[in-house]
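K.L.:
with the sequence up front, the predicted model follows.
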Amino acid sequence: MYIDTHCHLSLEDYDDIDLVIKENRENGIDKIIISGCTRDTICETLELIDKYSDVYATIGYHPSEVDITTNEDLILLEKQIQNKKVVGIGEIGLDYHYGSDNKNKQIELFRKQLELAEKYKLPVVIHSRDATQDTINTLKEYKVIGDIHCFSGSLETAKIYISMGYKLGIGGVVTFKNSNLYKVVEAIGLENIILETDAPYLTPEPFRGKKNYSKYIPYIAKKISEIVNLSEEKVAEITTKNAMGLFDLK
């Protein structure tokens, strides 16, 4: 059985969420963790985890939301994370891809949410894009662990995160023909990896270019099994154990 540790599930992207959940179960996806990272998606995510027994959530404000996230939003977030099916805070972090003019505001929002994670002993799901050093430096200020979502960095960076207690979220990118992520996967060992789709984005081969679904996790696992020369069943077993431990899933 598999766990998709990071996806986005919204009526904006999927017409029939009941069908999505049904197909997940039919394809061996035991649990999924939805990331709600805007005001609207946090509210929708909380409704979904209440409706489906095998759906959990991480919630928090994405760095792209920095200019519209208020103190009131963060006060409400502190209440929302106390839901027993909210298993982490995220995706949160830093994104300088379109410029770093607001980097100080991003770091401030990041810190406030890391403070919540530390206070409530919740893992964090980290978004870091073109901001590796600031992300690492900021994380070092807090006693938190978590998941580096959609990891695509160097082996050196991977080792730094792992030494800090983080797992690496590996998704569809590892199946892309032009990706060198396999080198990292090969070097770090399965004990440091959890599986994710980031659905509806980053669809793995052979469906690249189409909408992504959690039910495609086995394609990611198959590629990883080829890289590390272990069975798909073993990949499922180890990555599921990693996810269960990190997010304290029952």
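P.N.:
That came through, no problem. Residues are numbered from 1 along each chain as shown.
K.L.:
can you pull out the helices in this protein?
P.N.:
If DSSP state H is used as the criterion, the helices of the chain fall at 17-26, 39-51, 71-80, 103-120, 132-139, 155-163, 181-188, 217-228, 232-247.
K.L.:
tilt between the first one and helix 217-228?
P.N.:
Using axes from the mean of the first three to the mean of the last three Cα atoms, to 10 degrees, the inter-axis angle of helix 17-26 relative to helix 217-228 is 40 degrees.
K.L.:
which residues does helix 17-26 contact?
P.N.:
Identification of contacts with helix 17-26 by Cβ atoms under 8 Å, 6 or more residues apart in numbering yields 4, 9, 11, 14, 32, 48, 52, 54, 55, 213, 214, 215. The way it works is simple: take the backbone N, C-alpha and C, and place the C-beta from them, glycine included.
K.L.:
residue contacts, residue 183?
P.N.:
For residue 183, the contact set (Cβ under 8 Å, 6+ apart) comprises residue 155.
K.L.:
the one 5 residues further on now?
P.N.:
The contact partners of residue 188, taken as Cβ under 8 Å, 6+ apart, are 155, 158, 159, 162, 168.
K.L.:
hmm, which of the contacts of helix 17-26 is lowest in pLDDT?
P.N.:
Note: of those, the lowest pLDDT belongs to residue 11, at 94.
K.L.:
looking at the helices of the chain, which is nearest to residue 87?
P.N.:
Residue 87 sits nearest to helix 232-247 of all these, at 4.1 Å, using Cβ to Cβ.
K.L.:
rounded mean pLDDT for the closest one, please.
P.N.:
Per-residue scores along helix 232-247 average to 98.
K.L.:
would you mark the buried spots in that helix?
P.N.:
Buried residues in helix 232-247, counted by 16 or more other Cβ atoms under 10 Å: 235, 236, 238, 239, 240, 242, 243, 246, 247.
K.L.:
who are the packing partners of the longest strand anywhere in the chain?
P.N.:
Looking across the chain with DSSP state E, the single longest strand is strand 86-95. In this structure, strand 86-95 packs against strand 29-36, strand 55-59, helix 103-120, strand 124-129, helix 132-139, strand 146-148, with contacts taken as 3 or more Cβ pairs under 8 Å, 6 or more residues apart in numbering; DSSP states H and E.
K.L.:
give the buried subset of the contacts of helix 17-26 as a ChimeraX selection command.
P.N.:
Command for ChimeraX that selects the buried part of the contacts of helix 17-26, burial taken from 16+ other Cβ under 10 Å:
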select :4,9,14,32,48,52,55,213,214,215
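K.L.:
for the contacts of helix 17-26, give me TSV that also has distance to residue 141.
P.N.:
Formatted as TSV, those follow (distance: Cβ to Cβ, whole Å):
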residue	distance to residue 141
4	30
9	32
11	37
14	37
32	31
48	32
52	36
54	35
55	32
213	37
214	33
215	38
